[in-house]
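1. from the sequence below, what's the structure:
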Amino acid sequence: MGVTVTDLVVYHYEKQPSDFKVGELLHNFNGNDYRVMENYGRGDVLLMQMNTGMFVVAEGIATYKRYPKDESPTEKNMQTGIEWDSGVYLGNDITSINFKKLREEYGAPPEPNEQGEYEIEINETLSHTECVKADSYYEALDDVKDRYDRSEIVLDAESFVDVDFAPKGRSR
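-> Numbers count the residues shown, from 1 in each chain. The predicted structure follows:
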């Protein structure tokens with residue numbers, strides 16, 4: 001016995017405000033749960049499907065309340081869920097996802113501060129390797145930390161390995 005048109009429920013949808021906070025658990029109307037991993041703004045959100053670990057950039061995401069079209073909304077017949085216009089499916093291998101590139105592509109540019117200025121943070125990475133003879137790793141680590149704190153080990157321009165420019169406070 002198949003499903004007939006009279007068996008189908010037609011729903012009325014009402015868009016709801018949502019800010020899609022990182023860590024929030026969302027449900028769609030197909031029965032899937034998604035965790036918000038990053039909110040890029042402008043309606044684009046990085047989600048992880050909870051039962052598969054699949055990552056997807058949901059473009060044009062919105063929250064809706066729905067209830068059967070021929071009924072008045074009640075607490076019993078109303079459901080809340082998400083839908084999005086299109087999705088970029090990234091797989092579930094987290095090591096193959098370039099999160100920095102996603103932020104650059106989907107992230108909304110920051111707004112200026114009260115004075116009309118943009119705050120750009122410059123973050124330099126310096127690196128130096130110190131070889132230490134010790135009885136244990138922790139003893140070697142303590143020795144290097146102590147020598148660094150006493151300015152016996154100083155990182156300078158010769159130790160430069162990378163630089164990153166980003167809006168102040170934006171994760172990299």
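2. low-confidence ranges, the protein, go.
-> 1-7, 168-172 (pLDDT under 70).
3. distance between the longest helix along it and the chain's centre?
-> Longest helix in the chain, counting residues (DSSP state H): helix 137-149. For helix 137-149, the separation from the chain centroid amounts to 35 Å (computed by Cα atoms, centre = their mean, to the nearest Å).
4. quick one: the spatially most central residue of the chain and I61, what's the gap?
-> To find the centre residue of the chain, average its C-alpha atoms and take the closest one (Cα atoms, centre = their mean): that gives E38, at 1.7 Å. For E38, the distance to I61 equals 12 Å [Cβ to Cβ, to the nearest Å]. C-beta coordinates here come from the backbone N, C-alpha and C atoms, glycine included.
5. give me the common contacts of those two.
-> With Cβ atoms under 8 Å, 6 or more residues apart in numbering applied, the overlap between the contact sets of E38 and I61 consists of V45.
6. could you measure from the closest residue to I61 other than its chain neighbours over to G43?
-> The shortest distance from I61 to any non-neighbouring residue, by Cβ to Cβ, 6 or more residues apart in numbering, is to W84 (4.2 Å). When Cβ to Cβ is the yardstick, W84 and G43 sit 8 Å from each other.
7. same check, this time on Y138
-> Spatial separation of Y138 from G43 under the definition Cβ to Cβ is 49 Å.
8. who has more neighbours, these two?
-> With other Cβ atoms under 10 Å as the criterion, Y138 and G43 differ in neighbour count, and G43 comes out ahead with 16 against 9.
9. what residues are up against the more buried one?
-> Taking Cβ under 8 Å, 6+ apart as the contact definition, G43 lies against 59-62.
10. ok so, going back, who does the nearest residue in space to the residue nearest to the centre of the chain that is not next to it in sequence bridge with?
-> With sequence-adjacent residues excluded and distances taken as Cβ to Cβ, 6+ apart, E38 is closest to L46, at 4.1 Å. For L46, the residues forming beta bridges with it (DSSP bridges) are E38, V57.
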